[in-house]
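Undergrad: Dropping a prediction and its sequence here:
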Amino acid sequence: MKINGIEIDVSKLISKNDLLEKLKLYGACDRVLADIREFYDKEFGNELIWRYPICDGVHAGVTIVVVKEGFLSLPYDDIDREDYEIFELEHASLLDEATCKCFIDNWKSFSDDLLGALGDMLSIVKNK
């Protein structure tokens, strides 16, 4: 498997079930992903964990983790100062094609809207 130009040896990835068990055992929060980030970064040169901080239609955002089975979406609604995102493990799922397309479309729409608004803000502030 290749992600962002990086060849990934799938056998070295954490499994979906092991990750979910780890989160259940140590706390369903982003802080628990620290050692996985560290291992992935050392092994692959990339953390292979991404935050998708816009609403997925149900939750405030999701964190996506590369696992042996694919890409695990860990949705969250709350963020804590010390633990960061608090995951809703009962809604964790592997990404499918439709969800990936939806995430891409929503991100592009969000980004285009924000960039347009920021450009207008810049013009207004500059002309004051």
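TA: Everything's here; your move. Numbers count the residues shown, from 1 in each chain.
Undergrad: quick one: the strands in the protein?
TA: All strands of the chain, identified by DSSP state E, fall at 2-3, 6-7, 49-52, 61-67, 70-80, 84-87, 93-94.
Undergrad: Redo those as TSV? Include distance to S109 and mean pLDDT.
TA: (Each C-beta comes from the backbone N, C-alpha and C, glycine too.) Output for those, formatted as TSV (distance: least, C-beta to C-beta, whole Å; pLDDT from 0 to 100):
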stretch	distance to S109	mean pLDDT
strand 2-3	24	95
strand 6-7	28	94
strand 49-52	13	97
strand 61-67	15	98
strand 70-80	19	97
strand 84-87	22	96
strand 93-94	22	98
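Undergrad: could I get those strands as a markdown table with mean neighbour count?
TA: Listed next are the strands of the chain as a markdown table, based on neighbours: other C-beta atoms under 10 Å:
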| stretch | mean neighbour count |
| --- | --- |
| strand 2-3 | 10 |
| strand 6-7 | 10 |
| strand 49-52 | 16 |
| strand 61-67 | 21 |
| strand 70-80 | 18 |
| strand 84-87 | 21 |
| strand 93-94 | 14 |
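Undergrad: Present the ones you listed as a markdown table; the columns should include distance to N106.
TA: A markdown table is the format used below for these (distance: least, C-beta to C-beta, whole Å):
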| stretch | distance to N106 |
| --- | --- |
| strand 2-3 | 20 |
| strand 6-7 | 25 |
| strand 49-52 | 9 |
| strand 61-67 | 11 |
| strand 70-80 | 13 |
| strand 84-87 | 18 |
| strand 93-94 | 17 |
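Undergrad: Nearest approach to L23 belongs to which of those?
TA: Proximity to L23 (C-beta to C-beta) singles out strand 84-87 among these, at 6.3 Å.
Undergrad: K16 contacts S73, correct?
TA: No - using C-beta atoms under 8 Å, K16 is not in contact with S73, being 10.6 Å away.
Undergrad: Overlap in contacts, these two.
TA: With contacts taken as C-beta atoms under 8 Å, 6 or more residues apart in numbering, K16 and S73 have L94 as neighbours in common.
Undergrad: for this structure, what's the longest helix?
TA: helix 97-126 (DSSP state H).
Undergrad: Just the angle for that helix relative to strand 61-67, thanks.
TA: Put simply, helix 97-126 runs at 130 degrees to strand 61-67, going by axes from the mean of the first three to the mean of the last three C-alpha atoms, to 10 degrees.
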